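Colleague: no sequence on hand, only this structure:
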């Protein structure tokens, strides 16, 4: 109907071009990263022909493998834990009743966002040693969970705020109990927010360098900390290859997760 | 102080609706709050305590208690040990602040149209685009920043392309400038702006826009009166996610800026490392946090005053 | 949700397993890319001890970590100016190195250094000098003095690079001005500050990383650098020359020590003995391109290192080692650095 009148709000002139340019901006470093991972020369500046030897070298590097495994374990644990902690809190803050201290609670859960990372890193290090907590990788995971919570929660709250409570209330009128309302109505509707939150949490955990550097004990080195070390002596194709492998693995994981989610949704719809 | 924080990221909370859920509100909040208090607030209090102690000879802190770290922020000791007003640290803070503001503005300017474009696609395309915009951020930030060095350097790809196309004859120095830092920061934090904005604009009811158009609103009017107001909670959330880390960033200033000027992040880092003055580093961090909190309160007040009740 | 709990439990269990250090393990904590993989491999094969190498970015990070009591490392590598600090703070164990097998192999020049007179805590790892390298294709004049670096002529303005750490920049500036390291004299530090402020407009970048590439590619023409790194630059670009200036160079030595909290003390001592054997230490030098203190290791150097000019300090060039600076000196350095970059 609106199209017939020559106004399609879904199409803004120039926006497609703009988006394409943004994607060029966003992907340019990635292209560089991947291309140079296949560079036979060990100098990042000179193209020495196509080679996969750096992948073999990166895969054969035991310390690198260990660091990558650590990173993935920490990121998965932190994402899952932070999402599980953030979800009820987001519900409480957006759908719950007002109570004394609610504002304080709201501020507290946002605190990790406003604390400078270097301070968090030092403070956490001192704190862990004061209480004698020695879980190795567990320490890193704990520290990550903390700063992942607000990241996971923000998109959830934004989403909940945009969702009308009417549908949930309608379900209640139809004698659904609270769990049913949550499971059948609230959760499916807020799913994009939950996914966005989990993604954000995963990204910040996977990327964290400073806090991990400070908190990690022997054997708990993560990939950013290891790559930082590799890159100190220049951009070697081995570091590029390692980052490319990580990229390939995460893309696979995310794509599979998206496909599984979609199938799950279809099943629900059916 | 923390109470003031929340409204900044959140507009007025929804009216209480679910009696059953309401009873459990506190219970639902307990786990997240407990984790943050234990592993964040307690360590932060320790850091706050540090800022009132004396620097240990080799890092760390010792007694006696003193406010020297805060005094030093505004006053420097002259050679004869008298205090003189000193703008060094204020300058460092101001520089970081301006850079963070610019980063946030650029992220909104890029993120909002992008999020809107994505939200306007079909379901499948939407998912694919959203995935595509986040994929680059699955690789390490440090590695990506180094890739920008490869692109921007004198013998880098950008200069190579410019010269090959005949646009320039000699390399232009892009790297080691404030513009390069800004580019790096915008690049680092863009998804933190796009995702929250997308989460809200995706929910905008198409009928609102069609209604707007039926009332003879053009694209600009639709944007101003419908999209922008509805996108604001997302922009506010994104601003928080972008502005604060940009304020404390030190990776981009170091790698892309050539480490020529100190930023808050590098100043604090320096105090905890080679300058071995933990109290001053902690004090700088506390001042930074105080400024952020004041900013959030102001934001919250303005929104509170402007919101129709 | 169940999966999540299981994953969490799994990761915690994995960590616990890591914490319970079995016999036959050795945790090395060293600067990034500063432990030769060939050395580690050979050590593992010869002794059956499983080695794990972690890396840190600065002495300060190492200090902060050991001070906080966390760690679990058996071998650490500490710069000479930090050895005293670690010893004073009780962070490294007395190993009484002269009693270890292999100690007589050490060059007498490097035993009993000022920072550890009885080798009670440390043995040498690698040592080198700090000066600068120059691209001789583009710069022909003045390559015998630190003046080229600190008071660069107009032609090379904007193509000079310095380290990113205050202590290393200031130490070399003090060498140029012929002052003792760790100045506490405010007048002298004022001179250092003036020198660096005047130099600043000519500086392209202050960064300790990626120098090899910047020099090799010609992005910078003059850059503060370590001798071993300069050798790597030269291998990529023959025009790069490491300068031994008439004012002298700053020397540094990194030392192997055992943290007081080490869990595998015997393995750590075995490792230390092991690296005092020439053929083993040569593997380390071949990897990093830095000299070591083990007599006879040169025989096992790869061809490119035999007689490399970077590794041979001319007789008449003064090498000044930086001690651990006092609190006062550190504060003055911090002030100069902040003013330089405000």
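Modeller: Right, received. Where do you want to start? The structure presented is a predicted model; accordingly, all values stated were derived computationally and were not measured.
Colleague: which bits of the stretch 201-309 of chain B sit near chain C?
Modeller: Proximity of the stretch 201-309 of chain B to chain C is confined to B:254-255, B:258-262, B:267, B:270-277 under the rule CB under 8 Å from any CB of the partner chain. (Glycine included, C-beta is placed from N, CA and C.)
Colleague: again, only using 7 Å
Modeller: When proximity is defined as CB under 7 Å from any CB of the partner chain, the stretch 201-309 of chain B approaches chain C at B:254, B:258-262, B:273-277.
Colleague: wait, which of those is closest to residue C:133?
Modeller: Checking these against residue C:133 by CB to CB gives residue B:258 as the nearest, at 18.2 Å.
Colleague: looking at it, that closest one is touching residue C:205, isn't it?
Modeller: Yes. Between residue B:258 and residue C:205 there is a contact under CB atoms under 7 Å: 3.7 Å.
Colleague: could you tell me which residues touch both of those two?
Modeller: Any residue near both residue B:258 and residue C:205 by CB atoms under 7 Å, 6 or more residues apart in numbering or on different chains counts here, and that gives residue B:176.
Colleague: now the helix or strand containing residue C:43, how far from the centre of its chain.
Modeller: Secondary structure from DSSP states H and E places residue C:43 in helix C:37-47. Mean-position distance between helix C:37-47 and its chain equals 22 Å (CA atoms, centre = their mean, to the nearest Å).
Colleague: could you dump the residues of the stretch 201-309 of chain B next to chain C to JSON lines with neighbour count?
Modeller: Formatted as JSON lines, those follow (neighbours: other CB atoms under 10 Å in any protein chain shown):
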{"residue": "B:254", "neighbour count": "24"}
{"residue": "B:258", "neighbour count": "21"}
{"residue": "B:259", "neighbour count": "23"}
{"residue": "B:260", "neighbour count": "20"}
{"residue": "B:261", "neighbour count": "19"}
{"residue": "B:262", "neighbour count": "24"}
{"residue": "B:273", "neighbour count": "22"}
{"residue": "B:274", "neighbour count": "20"}
{"residue": "B:275", "neighbour count": "24"}
{"residue": "B:276", "neighbour count": "26"}
{"residue": "B:277", "neighbour count": "26"}
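Colleague: just send those residues back as a markdown table, with distance to residue A:164, secondary structure and pLDDT too.
Modeller: Listed next are those as a markdown table, based on distance: CB to CB, whole Å; DSSP: H, G, I helix; E, B strand; the rest coil; pLDDT from 0 to 100:
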| residue | distance to residue A:164 | secondary structure | pLDDT |
| --- | --- | --- | --- |
| B:254 | 47 | helix | 82 |
| B:258 | 52 | coil | 86 |
| B:259 | 51 | coil | 86 |
| B:260 | 52 | coil | 88 |
| B:261 | 49 | coil | 88 |
| B:262 | 49 | coil | 89 |
| B:273 | 52 | coil | 78 |
| B:274 | 55 | coil | 80 |
| B:275 | 54 | coil | 84 |
| B:276 | 56 | coil | 82 |
| B:277 | 54 | coil | 86 |
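Colleague: so which of those is the closest to chain A?
Modeller: Nearest to chain A among these: residue B:273, at 9.5 Å, using CB to the nearest CB.
Colleague: gap between the closest one and residue B:267?
Modeller: From residue B:273 across to residue B:267, the span is 11 Å (CB to CB, to the nearest Å).
Colleague: how about the residues of the stretch 201-342 of chain C near chain A?
Modeller: Residues of the stretch 201-342 of chain C found near chain A (CB under 7 Å from any CB) are C:209-210, C:212-213, C:216-217, C:236.
Colleague: now swap in the stretch 151-300 of chain B and tell me
Modeller: Checking the stretch 151-300 of chain B against chain A by CB under 7 Å from any CB, the hits are B:151, B:155, B:157, B:195-196, B:199-200, B:202-203, B:209-210, B:213, B:219, B:222, B:233-234, B:237, B:240-241, B:244, B:248, B:265, B:268-269, B:272, B:282, B:285, B:288-289, B:292-293.
Colleague: could you pick out the buried ones from the residues you listed?
Modeller: With neighbours counted by 16 or more other CB atoms under 10 Å in any protein chain shown, those contain buried members at B:151, B:157, B:195-196, B:199-200, B:202-203, B:209, B:213, B:222, B:233-234, B:237, B:240-241, B:244, B:248, B:265, B:268-269, B:272, B:282, B:285, B:288-289, B:292-293.
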